[in-house]
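>>> okay, predicted coordinates and the sequence, questions at the end:
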Amino acid sequence: MHVFVLGATGFIGSAVVRVLIQRGHRLTGLTRSETSAVKLRSAGCQPLMGDIGRPTAWIDQLPPVDAVVHTACDVNTDMGAVDRRLLDALLARLAARSNKTRFVYTGGSGGSAQPLMVSRPRKHPSHPWWPSRGWSLTASASWPRRVSRE
């Protein structure tokens, strides 16, 4: 499986990268610096240069992937706005692709202990980090988690 990891050199992301590579998956990791890109390459992960705060600068370079693991966080700015812009761009891109993409979001996802499925809701949730174009994370017992449009 080809997996895209956001925050691939961070605390959570580096552990995710290590485990997925050990299990034989092919990885692409988002990174902001050449120093981090070298770390990713040495771990067996293909770096994609970019910043979660500016997804339009790298989103067109995202290769086809089977899954996305979002472990990145920008604590130096307005975290909610950064995540909202990122998810608006990324989820729209994934939904436009013909394959169903598994999506794992780490962090404060409303306290849900259930797996999450990404879909377009009929109503916009009020959470401050929610994507502004009507995407939602919906608790689901089904696997695979997927990005879809109504």
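It's in.
>>> now do the same for Ser109: its pLDDT.
Reported pLDDT at Ser109 in the predicted model: 41.
>>> then Gly10?
So Gly10 comes in at 90 (pLDDT).
>>> likewise for the one 10 residues further on?
According to the predicted model, the pLDDT of Leu20 comes to 94.
>>> not counting sequence-adjacent ones, nearest residue to Thr106?
Thr71 (4.9 Å; CB to CB, 6 or more residues apart in numbering). C-betas here are computed from N, CA, C, even on glycine.
>>> who does the helix or strand where Val68 lies touch, helix- and strand-wise?
Here Val68 is covered by strand 67-70, with elements defined by DSSP states H and E. Judged by 3 or more CB pairs under 8 Å, 6 or more residues apart in numbering; DSSP states H and E, strand 67-70 is in contact with strand 2-6, helix 11-22, helix 79-96, strand 102-105.
>>> try 10 Å this time
With contacts defined as 3 or more CB pairs under 10 Å, 6 or more residues apart in numbering; DSSP states H and E, strand 67-70 has these neighbours: strand 2-6, helix 11-22, strand 26-31, helix 79-96, strand 102-105.
>>> out of the ones you listed, which gets nearest to Gln61?
Distances from Gln61 to each of these were compared using CB to CB; the minimum, 9.5 Å, belongs to strand 26-31.
>>> OK, contacts around the closest residue to Gly50 other than its chain neighbours?
Nearest in space to Gly50, with sequence neighbours left out and distances taken as CB to CB, 6+ apart, is Trp58 at 3.1 Å. Residues near Trp58 by CB atoms under 10 Å, 6 or more residues apart in numbering: 30, 48-52, 89.
>>> report the two of these separated the most.
Met49 and Ala89 (15.9 Å).
>>> settle it for me: which of the two has more neighbours?
Ala89 (20 against 14; other CB atoms under 10 Å).
>>> quick one: residues contacting that one.
52, 54-59, 62, 131, 133.
>>> mind running it again at 6 Å?
55, 59 (CB atoms under 6 Å, 6 or more residues apart in numbering).
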